[in-house]
Structures are given as structure tokens and as C-alpha cells.
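**Student:** curious how this folds, go ahead:
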Amino acid sequence: MPTWSEILTELQVESAQGNTSPFDSVRRKYLLKLSEKTQRNVILYASAFTQKGGAPELLSVTEEDVQGMMEVSHGLDKEKPVDLIVHSPGGSPEAAEGIVEYLHAQFPEVRVIIPQIAMSAATMIACSGSSIVMGKHSNIGPVDPQLIINGPTGQTSNPAKAIIDQFYKALKEVNDPDKQAWAILLNQYGPSIITQCENYIQMSEALVRDWLARFMFKDMKDSEQKESIVNKIAAFLANHDNFKSHGRHISREKAEKMGLRIEHLEDDADFQDFVLSVFHATTHAFSSTPAMKIIENQNGKAFIKIQN
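**Tutor:** Okay, here's the model as predicted:
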């Protein structure tokens with residue numbers, strides 16, 4: 001299996017031989033090899049969030065990514081299923097919904113591959129797959145939504161459930177002379193934000209429940225069992241109290257115990273090699289170029305966001 005350092009050496013050799021775009025050519029070589037191995041379409045959907053900080057509008061799941069999916073889906077064989085390789089911190093649930101509905105309208109089946117991590121709205125996307133391919137090192141995360149709040153120190157991202165809990169605790173304790181700081185929070189969190197938080201929590205859980213039922217467990221014959229599994233998974237992932245932190249990782253073992261349909265990346269050595277080679281080449285591109293997000297198919301058609 002090519003390691004991170006071996007892919008780096010391959011990139012260096014390509015550059016020394018006069019290749020002016022080694023990051024693109026090596027990544028695309030392994031995307032094509034992966035597609036030839038599986039006889040499926042392949043779309044890479046990766047963000048530089050583990051290499052670069054800041055710029056959430058460039059790193060997270062956004063509405064513009066739907067346009068990227070449209071771009072790279074054009075010209076692919078729509079009779080074949082697609083493998084979606086996801087590496088993302090998450091982002092907008094509405095944007096995730098747009099991506100999921102578009103891909104399922106274009107391809108007969110969508111399988112999601114997580115070479116390292118897919119959090120929040122990216123976990124929601126993973127739950128729309130017929131199955132999720134994970135390695136021993138792969139992780140998903142909770143889908144409890146985050147809201148951007150404008151506070152005295154600037155913008156902060158806060159779990160919707162934590163905002164609700166803080167609001168009602170502040171209402172209860174604001175008249176205590178020793179806890180007047182709650183008055184600042186109440187001015188910051190109005191009732192409209194609480195309603196928005198409650199709506200987002202309900203929406204995230206409802207989307208995951210819908211996609212699990214329609215895609216991952218669509219062939220399950222026992223309707224009562226199907227409803228029970230789908231509700232259990234969606235409720236668990238959407239409940240902030242189960243994790244206490246939006247950044248908590250859910251390993252492959254935990255995802256399987258939860259009831260998600262998980263395939264093991266290591267079960268096919270060649271498949272594992274190609275997936276990780278694509279991933280390593282992608283992370284090298286993020287580390288050494290201005291690229292912030294790459295959406296790309298096995299034919300080299302790409303939608304790449306650059307940091308100016």
C-alpha cells in the first residue's frame with residue numbers, strides 16, 4: 001500500500017521529470033485506477049480543513065458545492081453507480097440536502113467512502129449512501145447542527161442544543177444578583193434564535209432519517225424493523241447530549257454497532273491502495289498549493305476552490 005511518504009516521493013519524481021502539474025496528474029491517475037477497479041464512477045469531494053484553518057466558506061459544505069457536483073457529473077455514465085469519496089468538516093445541512101438529492105437523481109446508487117473523516121453535514125451525506133466504506137482510522141461525527149452567532153468577540157460557531165440549554169438556564173437564573181452576566185446572553189440570544197435552533201435540530205434528524213430509509217435501508221422488507229433502525233440511528237446522531245462536543249469522533253466500530261451499513265476498506269487490498277493513494281495525493285495538493293476544496297471525477301474533470 002503506497003504510504004503518505006511514498007506518494008510524496010512519486011510527486012517529487014514527477015516534478016523532477018518536468019511535470020508542471022504533478023499534484024493533479026498523480027491524483028487523477030489513482031482516481032482512474034479506482035474507477036477501473038470498481039467499474040463505478042468516482043467523485044472526490046475533499047476539503048483542506050485538516051491542512052488549513054479559517055475560511056469556512058471555502059472549506060465547509062456550501063450551496064456552491066452543488067454546482068461543483070453538477071460540473072463533475074456531466075459526461076459520466078449515468079447507468080453506473082458512483083463512489084463518493086468524502087473528506088469534509090461538514091457545513092450547511094441545506095447544501096448537504098442539495099448534494100444528496102442531486103447525486104441520487106443522477107446515479108442508480110451512491111456509495112460513500114471515508115478515507116479519514118467526514119463530520120457534521122458530511123456525516124449526513126454519508127448516511128445517504130447505500131453503504132459507507134470506512135477504514136480502521138476513519139471517523140464520522142454527530143449531526144447536531146451548529147449556528148454562527150455574532151457576539152462581543154466576533155463570530156462563533158455554537159451547537160444549537162447548547163444555545164437552547166444556555167437560553168433557558170439564563171431565563172431561570174437572570175434575576176440572581178450573582179449571575180447578571182446572563183443578561184448579556186439573553187440580549188444576544190433572542191427567542192427567534194431559539195426557534196431557529198429547534199428547527200435546525202428537527203431538520204437535521206429528519207433528513208438523516210429520510211435518507212437512511214430511502215437509500216441505505218431501502219431493501220429492508222420488514223417495515224417495522226426498518227423504521228426502528230432508522231429512527232434509532234437518526235435520533236442518536238442528532239442528539240448533542242450523546243456527544244457533548246460537536247467534534248467527537250465516531251469510529252468504524254461504533255458506526256457498525258449503531259446499525260449503519262459499513263464496508264471495511266481493508267477487505268480488498270487493491271481497492272484500499274487506490275482509495276488511500278487518491279487521499280494522500282489530495283492532502284499533498286492541499287499542503288503545497290492554494291487549493292482549498294477539490295471536487296473531481298475519474299476523468300479529470302474538476303471543480304477546485306482556490307484561496308486567493
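
**Student:** report the contact partners of the residue nearest the centre of the chain.
**Tutor:** In the chain, the residue lying closest to the centroid (Cα atoms, centre = their mean) is residue 122, at 1.9 Å. The neighbours of residue 122, taking Cβ atoms under 8 Å, 6 or more residues apart in numbering as the test, are 61, 86, 88-91, 96, 140. Heads up, the C-betas are built off the backbone N, CA and C, glycines and all.

**Student:** in this protein, where is pLDDT below threshold?
**Tutor:** Low-confidence segments of the chain (pLDDT under 70): 1, 148-157, 173-191.

**Student:** ranges for the helices of it?
**Tutor:** Here the chain has its helices, by DSSP state H, at 4-16, 22-38, 56-59, 64-73, 93-106, 121-126, 160-173, 181-188, 191-211, 223-238, 252-258, 269-288.

**Student:** pick the most deeply packed of those helices.
**Tutor:** Mean neighbours per residue, mean count of other Cβ atoms under 10 Å, is largest over the helices of the chain for helix 121-126, with a mean of 29.

**Student:** that one: how far from the chain's middle?
**Tutor:** 4 Å (Cα atoms, centre = their mean, to the nearest Å).

**Student:** same thing with stretch 125-143?
**Tutor:** For stretch 125-143, the separation from the chain centroid amounts to 8 Å (computed by Cα atoms, centre = their mean).

**Student:** tell me the buried residues in that stretch?
**Tutor:** Using 16 or more other Cβ atoms under 10 Å as the test for burial, stretch 125-143 gives 125-135, 138-143.

**Student:** tell me the spacing between the residue lying closest to residue 48 once chain neighbours are set aside and residue 93.
**Tutor:** Spatial nearest neighbour of residue 48, chain neighbours left out: residue 286 (3.7 Å); criterion: Cβ to Cβ, 6 or more residues apart in numbering. Per Cβ to Cβ, to the nearest Å, residue 286 is found 24 Å from residue 93.

**Student:** re the thing from before, from residue 74, how far out is the residue nearest to the centre of the chain?
**Tutor:** In terms of Cβ to Cβ, residue 122 sits 23 Å off from residue 74.

**Student:** residue 257 now?
**Tutor:** Separation of residue 257 from residue 74 (Cβ to Cβ): 39 Å.

**Student:** equivalent analysis for residue 202, please.
**Tutor:** 35 Å.

**Student:** do residue 237 as well
**Tutor:** Remark: distance between residue 237 and residue 74 (Cβ to Cβ) = 32 Å.

**Student:** likewise residue 227?
**Tutor:** 37 Å.

**Student:** now swap in residue 22 and tell me
**Tutor:** Separation of residue 22 from residue 74 (Cβ to Cβ) stands at 26 Å.

**Student:** residue 53 now?
**Tutor:** Going from residue 53 to residue 74 by Cβ to Cβ gives 32 Å.

**Student:** between the two ends of stretch 57-68, how far is it?
**Tutor:** Counting by Cα to Cα, to the nearest Å, you get 14 Å between the two ends of stretch 57-68.

**Student:** mind checking how far that stretch is from the chain centre?
**Tutor:** Its chain's C-alpha centre and that of stretch 57-68 lie 11 Å apart, by Cα atoms, centre = their mean.
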